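Trainee: Pasting a predicted model and its sequence here:
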Amino acid sequence: MRISIFGLGYVGCVGMGCMADMGHKIIGVDINEEKVDMINNGHATIEEKDIDELIKEGREQNKIEATTDPQHAVLNTEISFICVGTPNLPNGHLDLGAIKSVAKSIGSTLKNKNDYHIVVIRSTVTPGTNKKVSGIIEQASGKKNNEDFAVVSNPEFLREGSAVQDFFSPPYTLIASEDEKALTKMEKLYQDLDGEVLTSDVKIAEMMKLINNSFHALKVAFANEIGRLCNKMDVDSQQLMDIFSKDTVLNISPYYLKPGFAYGGSCLPKDLKALNLLSHDNYVENPILKSVKKSNNIHIQHAIDTITSLNKTKIAFLSITFKPGTDDLRFSPALEVVEHLLGKGYDIKVYDKNLNISKLIGKNKTFLMNKLPHIDDILVDSIDKAVDFGEAIILSNNEEYISNYFENNPLDDDKHIVDLVGIASKFNIKNYHKIF
């Protein structure tokens, strides 16, 4: 394929060398003449393992050239990658000025080009950028998005020091566009790379790089908080985290990384509190660990605010235990919501298939009775009774019996569903609300 790359910094230079190595013809574009000269002399614009050799080979094989002329690049290629920088503005937002400038240049050239053209946003951006770029190109070219041209969001996940390896062996390649023709072309471009090519909604692709890097930052900071605490307590933090990371079922895995309702139960709150107290007792500042409970409480309050915003007085809860398949109510976030609403004068009914008051024993029973001493007055013995009662129906656990009920029982149009876990998103419910 014939590809132009706008921006010959880190992302652009790596993309140029790697795609030339894949057999494509590349024209690089940059306003910096020094970078253009370096490429045309067979040298990479960055220091990075293996990239200088790839640029040299690509130049020797006439697969690579560079220019300051955007018109030459667009007219002689079928795909244009935008790889310019998006640094932070003083207020923290990403500066999309360079992206908009490139989009305008591409659009001005497309005015004089009859062939269909694909524009790929490789730079780190925020959701909505694809739409803005499409609009800029339409205005500058007089042509129509998804007919005469298409804009694809394609975030990069390159690490400095291993960028070439990361390009050829990514965990996946993510592309998104409103135009199927463009997606098919991009899938063909990436078909020989390791890892599958995934497609998504455009806004998901635009958000992905920010989420990835923020999570990586969180992991680094979390590990360092643990390291500081371990150092105070004469615990080998390196060995501790090595063993921690060997659990790929729960610790290093997709488990728990699903948006839903707040955590609860007898283990997570208790052990988090104990770890925070260890930090306090050893004079170690661990703000991430300290903030976890606060974040969880904010999520519970968000659920309460969503429910109360409906201005309904009769509220039915389906399941109030801390997670599916158990009768454990200790530190259940749903129970916190019920307690709060009762205190505000709401009329509450609860149905929970797993909850049998006569069978509760020990600390579980004590916890419930301390929270809701009049639980017998609000429990009903069937899901139908709860649904019939509630003007707003709260789904707080991903229980199969709840899903089956809504699959087989159409809901009256005046009923509101507040889904705290995403269990009913697939059903056609008129007044449907979720908290994530």
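Mentor: All right, it came through fine.

Trainee: okay, CA-based contacts and neighbour counts for the rest of this
Mentor: Noted.

Trainee: mind listing the strands in this structure by residue range?
Mentor: 2-6, 25-29, 64-67, 79-82, 117-121, 149-153, 172-175, 196-199, 314-318, 347-351, 392-395, 416-419, 431-434 (DSSP state E).

Trainee: C-alpha coordinates for the second one, PDB please?
Mentor: Extracted C-alpha coordinates of strand 25-29, given in PDB (Å, rounded to 0.1, in the frame of the first residue of the first chain):
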ATOM      1  CA  LYS A  25       5.700   2.500   0.300                       C
ATOM      2  CA  ILE A  26       5.900   5.300   2.800                       C
ATOM      3  CA  ILE A  27       6.000   9.100   2.500                       C
ATOM      4  CA  GLY A  28       6.800  10.900   5.700                       C
ATOM      5  CA  VAL A  29       5.700  14.500   6.300                       C
END
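
Trainee: any idea how the chain splits into domains?
Mentor: 2-200, 205-255, 297-434 (automatic domain parsing).

Trainee: Which positions within the helix or strand bottoming out on mean pLDDT in the chain qualify as buried?
Mentor: Within the chain, no helix or strand scores below helix 362-371, which has a mean of 90 by mean pLDDT, DSSP states H and E. Within helix 362-371, the residues that qualify as buried are 364-365, 367-368, 371, counting by 16 or more other CA atoms under 10 Å.

Trainee: ok, now stretch 154-162?
Mentor: 154-158.

Trainee: pLDDT and distance to residue 291 for these - can I get that in TSV?
Mentor: Shown next, in TSV, are those (pLDDT from 0 to 100; distance: CA to CA, whole Å):
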residue	pLDDT	distance to residue 291
154	98	33
155	97	30
156	97	31
157	94	28
158	95	30
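
Trainee: Residue 330 contacts residue 266, correct?
Mentor: Yes. Using CA atoms under 8 Å, residue 330 is in contact with residue 266, at 5.7 Å.

Trainee: quick one, which of the two is more surrounded?
Mentor: Comparing residue 330 with residue 266 by other CA atoms under 10 Å, the one with more neighbours is residue 330, at 21 against 15.

Trainee: Next one, pLDDT for the more buried one please.
Mentor: Predicted confidence (pLDDT) for residue 330: 92.

Trainee: Spatially nearest residue to it (excluding sequence neighbours)?
Mentor: Ranked by CA to CA, 6 or more residues apart in numbering and with sequence neighbours excluded, the top spatial neighbour of residue 330 is residue 265, at 5.1 Å.

Trainee: Can you give me the distance of that neighbour to residue 328?
Mentor: Residue 265 sits 7 Å away from residue 328, taking CA to CA, to the nearest Å as the criterion.

Trainee: so what sits against both of those two?
Mentor: residue 322 (CA atoms under 8 Å, 6 or more residues apart in numbering).

Trainee: More neighbours: those two, which one.
Mentor: Using other CA under 10 Å as the criterion, residue 265 and residue 328 rank with residue 328 on top: 23 against 17.

Trainee: With adjacent residues omitted, what lies nearest to that one?
Mentor: residue 321 (5.6 Å).

Trainee: unless I'm mixing things up, that neighbour is touching residue 334, no?
Mentor: Yes. Residue 321 sits in contact with residue 334 when judged by CA under 8 Å, with a separation of 7.0 Å.

Trainee: Tell me which of those two has more neighbours.
Mentor: It is residue 334, of residue 321 and residue 334, that has more neighbours when counted by other CA under 10 Å, with 29 against 25.
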